[in-house]
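Asks: Okay, here's the prediction I keep looking at, along with the sequence it came from:
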Amino acid sequence: MQPNLGPGEDFQLLLERQVRDMQSKAAALSEALSAAGATVRSRDGSVTVTLAPNGALTNLELGHRACELGPARLTAAIMSTVREAQRKTARSVADSFATINGDGESTDMVRSFLPPDPPPDGDFAAPESAEPERTPPPAATPPPPPPPRPAGPQQSAPRRRPPADDHFDDEANPW
């Protein structure tokens, strides 16, 4: 496949121009991605999370109201806030990629990995609906009794400990 060369252009100049374009796109994408992290605060201000552009949790702050929520609601508030920060960060990364790379197949692939949006009626501090705790069904029949011991001598004598060597004292060898 021959590249489309303009009049007076040679192949080396074309390649050098493409390399410069790719380098400037890479620099712009690197800069955009480094700024793509997100800080999100819960609606009531009890939880604030900060994520790096790769989605890593870099900071978690609990406000004064966090202690009043109780364990289940605080856990739900933290998880909800982290999920929102992840969605925001992922969207920012995808948008940065689209801005630099344009819309196309690669941008569509990047956007396919975006986390789903939350349900519209989700309460940040209410625990998510968990499945009820499942208990095993009652056994239809009781377990079988242990097998009987074979007839013969009752039990052998307990195994004896070997005599302690004189070079060990009781503290060094507790056995």
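Replies: Yes, it's here. Numbers count the residues shown, from 1 in each chain.

Asks: contacts and neighbour counts: CA atoms only from here.
Replies: Will do.

Asks: mind saving the C-alpha coords of stretch 76-95 as PDB?
Replies: Extracted in PDB, the C-alpha atoms of stretch 76-95 (Å, rounded to 0.1, in the frame of the first residue of the first chain):
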ATOM      1  CA  ALA A  76     -23.500   1.500  51.600                       C
ATOM      2  CA  ALA A  77     -22.600   5.200  51.500                       C
ATOM      3  CA  ILE A  78     -18.900   4.400  51.000                       C
ATOM      4  CA  MET A  79     -19.600   1.800  48.300                       C
ATOM      5  CA  SER A  80     -22.100   4.100  46.500                       C
ATOM      6  CA  THR A  81     -19.600   7.000  46.600                       C
ATOM      7  CA  VAL A  82     -16.800   4.900  45.300                       C
ATOM      8  CA  ARG A  83     -18.900   3.500  42.500                       C
ATOM      9  CA  GLU A  84     -19.900   7.100  41.400                       C
ATOM     10  CA  ALA A  85     -16.200   8.100  41.500                       C
ATOM     11  CA  GLN A  86     -15.400   5.100  39.400                       C
ATOM     12  CA  ARG A  87     -18.100   5.900  36.800                       C
ATOM     13  CA  LYS A  88     -16.900   9.600  36.700                       C
ATOM     14  CA  THR A  89     -13.200   8.500  36.300                       C
ATOM     15  CA  ALA A  90     -14.000   6.000  33.600                       C
ATOM     16  CA  ARG A  91     -16.100   8.500  31.700                       C
ATOM     17  CA  SER A  92     -13.300  11.100  31.900                       C
ATOM     18  CA  VAL A  93     -10.700   8.600  30.600                       C
ATOM     19  CA  ALA A  94     -13.000   7.500  27.700                       C
ATOM     20  CA  ASP A  95     -13.800  11.200  26.900                       C
END
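
Asks: Contacts for it, please.
Replies: 32-33, 36-42, 46-55, 107, 110-111, 114-117, 124-128 (CA atoms under 8 Å, 6 or more residues apart in numbering).

Asks: In strands, which of those residues appear?
Replies: Within the contacts of stretch 76-95, residues falling in strands by DSSP state E are 38-41, 47-51.

Asks: Tell me the one among the residues you listed nearest to residue 66.
Replies: Within those, the smallest distance to residue 66 is 6.9 Å, found for residue 47 (CA to CA).

Asks: Next up, the contacts around the closest residue to the closest one other than its chain neighbours.
Replies: The shortest distance from residue 47 to any non-neighbouring residue, by CA to CA, 6 or more residues apart in numbering, is to residue 62 (4.8 Å). Residues in contact with residue 62 (CA under 8 Å, 6+ apart) are 46-48.

Asks: Turn those into a markdown table, columns for neighbour count, distance to residue 93 and pLDDT.
Replies: Putting those into a markdown table (neighbours: other CA atoms under 10 Å; distance: CA to CA, whole Å; pLDDT from 0 to 100) gives the following:
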| residue | neighbour count | distance to residue 93 | pLDDT |
| --- | --- | --- | --- |
| 46 | 21 | 27 | 93 |
| 47 | 24 | 23 | 95 |
| 48 | 20 | 20 | 95 |
